[in-house]
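Participant: Take a look and give me a structure for this.
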Amino acid sequence: MFTFSLTLVRHGETPYNREKLLQGQGVDTSLSETGMQQGEAVGRYLRDIPFNNVFSSNLQRAVQTAELILRNNTHCSGMEMVLEPLLRERGFGVCEGHPKEDMKNMANAAGQSCRDFTPPGGETLNQVRLRFKKFLKVLFKQMVDVHGWSGPDASPGDATNGTSAAASDVAPDGSADDGLQGVSVHALVVSHGAYIRIANKHLVEDLNSSLPAGVKMSHLFAPCPNTGIGRFVLTLSQSESGSPVLSAARCVFTNRKDHLEELTAAE
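Facilitator: Reported below is the predicted structural model:
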């Protein structure tokens, strides 16, 4: 058994985000000035978390955000990150570079909700989910290859008892180290809004992750704000073939944006 924390962060704001334009994979923009400030803010918020492994989408906006987080971290400055194409944003096909409203109109014309609609040339939700499943395999193998099976384990109750574990671990006002008690290996992933929402749904709906006490599904699956933070605690076991498989998962929180309050106050 091997337990580690997985912290998911969405990239900071880009000019396309500000203008409500879809980026997907074909539009590879840099962070805006606000996005840089958000990256600095989330870096300061997470500065005392000793991340052992860092993965980022290889699109500029995610890489820049990951660099800002590492630069502000007291344990990880100079750490090498893994640029992982499996973490790229959902492909939006012909809608990339165009207003989000255009995709809504296309979805309405097709009689579908915007979230479920796949534009011509774009990725389906299931295709993105399969990409995330592939990433989890890569992640699990790397965590075990690097840290071995001798890492500190959480007891089954720690990982699976969503009500008592979440209630005892998480302070009402939220803290950067929520869920990390008794866990000493930590992975950071920097990705994108639509991708993170699909990842959250896969972890909760398909992999039966337990949920924080009193948190509504609508919040867990709400759109992730720029530099929004989510965290899961995952426990791996060894399959008959020797490969690592998920045996328990616990959602600590999703879509947290406490760190952005200082930016709002400064405006």
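Participant: May I see the buried residues of the top strand by length along the chain?
Facilitator: As assigned by DSSP state E, the longest strand anywhere in the chain is strand 244-256. Buried residues in strand 244-256, counted by 16 or more other Cβ atoms under 10 Å: 244, 246-256. (C-beta placed from N, C-alpha, C; glycine too.)
Participant: Could you single out the nearest of those residues to Thr3?
Facilitator: Relative to Thr3, the closest of the buried residues of strand 244-256 is Ala248; by Cβ to Cβ it sits at 8.3 Å.
Participant: gap between that closest one and Ala199?
Facilitator: Relative to Ala199, Ala248 is positioned 17 Å away (Cβ to Cβ, to the nearest Å).
Participant: Can you name the secondary structure element that comes next after the lowest-mean-pLDDT helix or strand in the chain?
Facilitator: Least confident helix or strand, the chain: helix 162-169 with a mean of 36, by mean pLDDT, DSSP states H and E. Using DSSP states H and E, the helix or strand that directly follows helix 162-169 along the chain is strand 186-191.
Participant: any idea how far the residue of the chain positioned farthest from its centre is from Glu123?
Facilitator: In the chain, counting by Cα atoms, centre = their mean, Ala109 sits farthest out from the average C-alpha position, at 31.5 Å. Plainly put, Ala109 is 20 Å away from Glu123 if you go by Cβ to Cβ.
Participant: Burial check on Leu8, number of neighbours?
Facilitator: Leu8 is flanked by 24 other residues according to other Cβ atoms under 10 Å.
Participant: Output the host helix or strand of it as CSV - backbone C-alpha positions only.
Facilitator: Assigned by DSSP H and E, Leu8 belongs to strand 2-10. Extracted as CSV, the C-alpha positions of strand 2-10 are listed here (Å, rounded to 0.1, in the frame of the first residue of the first chain):
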residue,chain,number,x,y,z
PHE,A,2,1.2,3.5,-0.8
THR,A,3,-0.7,6.8,-0.1
PHE,A,4,0.0,10.2,-1.6
SER,A,5,-1.8,13.5,-2.1
LEU,A,6,-2.7,14.9,-5.5
THR,A,7,-3.1,18.6,-5.7
LEU,A,8,-4.8,19.9,-8.9
VAL,A,9,-4.4,23.5,-10.0
ARG,A,10,-5.9,25.3,-13.0
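Participant: Good, we can wrap up now.
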